[in-house]
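Trainee: Here's a sequence, model it:
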Amino acid sequence: MKDIIQLKDRRFKVMITAEEIDRAVQTVAEQINRDYADCETPIFLGVLNGSFMFLSDLIKKIEFENEISFVKLASYEGTASTGNVKNIIGLNGSVEGRHIIIVEDIVDTGKSMAHMVEELKEHNPASVEICTLFFKPNSYQGSANIKYHAMDIGNEFIVGYGLDYDQVGRSLKDIYVVTE
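Mentor: Model (predicted):
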């Protein structure tokens, strides 16, 4: 692990180690295991591209039968949200009567999650919950309940473990924060 890295025009330093992430993922998996143990085959709905590493590690710790699907939303350019949420690809198959757990890498303002929950509810699921690795409570402006959040962070811009800076840095196993 390098303490300081360069990605494009920015320098980043380690903020959260891979070991800390793994412990947080284990804790949230235990909560979900308790809550969904008796539910019929919930769907984990990963939000691409950022959630793929979190969802992969989370699902390995889930102890009940489940399905996995993905959607792709876009709202970021560079280090800031544009405020506009765009669906790029969507869900295949019916979700009517199904329990859905949206898996997101980071919830910032909550606009993407509000958009997604609203769209999903039009298809009459049994329930929709949100699970995020990182939650920014000081930035959150949404009304949706973020039931499962592994770690609360401040408003800093982070990269690694699936999160990117202009499409680079996703493969980093630790979380880095901008140094400048």
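
Trainee: Going by C-alpha atoms from here, please, whenever you check contacts or count neighbours.
Mentor: Noted.

Trainee: got the buried residues for the longest helix belonging to the chain?
Mentor: Longest helix in the chain, counting residues (DSSP state H): helix 18-36. When burial is assessed from 16 or more other Cα atoms under 10 Å, helix 18-36 yields the following buried residues: 21, 24, 25, 26, 27, 28, 29, 32, 36.

Trainee: Now for the last one: which residues touch it?
Mentor: Same thing as residue 36. 42, 64 (Cα atoms under 8 Å, 6 or more residues apart in numbering).

Trainee: sorry, back to before: going by distance to residue 61, which of the buried residues of helix 18-36 wins?
Mentor: When the buried residues of helix 18-36 are compared for distance to residue 61, the smallest value, 6.0 Å, is given by residue 29; criterion: Cα to Cα.

Trainee: okay, which residue is most central for the chain?
Mentor: With distances taken as Cα atoms, centre = their mean, the residue of the chain nearest its centroid is residue 104 (1.7 Å).

Trainee: next helix or strand past the least confident helix or strand in the chain by mean pLDDT?
Mentor: Taking mean pLDDT, DSSP states H and E as the measure, the helices and strands of the chain show their lowest mean at strand 80-89, namely a mean of 52. For strand 80-89, the following helix or strand on the C-terminal side (DSSP states H and E) is strand 99-107.

Trainee: That following strand - what's its average pLDDT?
Mentor: In this model, strand 99-107 has a mean pLDDT of 96.

Trainee: Report the angle between whichever helix or strand comes after it and strand 99-107.
Mentor: Following the chain from strand 99-107 toward its C-terminal end, the next helix or strand by DSSP H and E is helix 111-121. Computed with axes from the mean of the first three to the mean of the last three Cα atoms, to 10 degrees, the direction of helix 111-121 lies at 170 degrees from that of strand 99-107.

Trainee: Are we agreed that residue 39 is in a helix?
Mentor: No: with DSSP: H, G, I helix; E, B strand; the rest coil as the criterion, residue 39 is coil rather than part of a helix.

Trainee: That one: what's it in contact with?
Mentor: Applying Cα under 8 Å, 6+ apart as the definition, the contact partners of residue 39 turn out to be residue 99.

Trainee: Could you pull up the contacting residues of residue 169?
Mentor: Counting by Cα under 8 Å, 6+ apart, residue 169 has contacts 7, 159, 160, 161, 162, 163.

Trainee: how far is the longest helix of the chain from where the chain is centred?
Mentor: Computed by Cα atoms, centre = their mean, to the nearest Å, the separation of helix 18-36 from the middle of its chain amounts to 13 Å.

Trainee: Check the model's average confidence along that helix for me.
Mentor: Regarding helix 18-36, the rounded mean pLDDT is 98.

Trainee: Distance check, residue 28 against residue 21.
Mentor: Applying Cα to Cα, to the nearest Å, one obtains 11 Å for the distance of residue 28 from residue 21.
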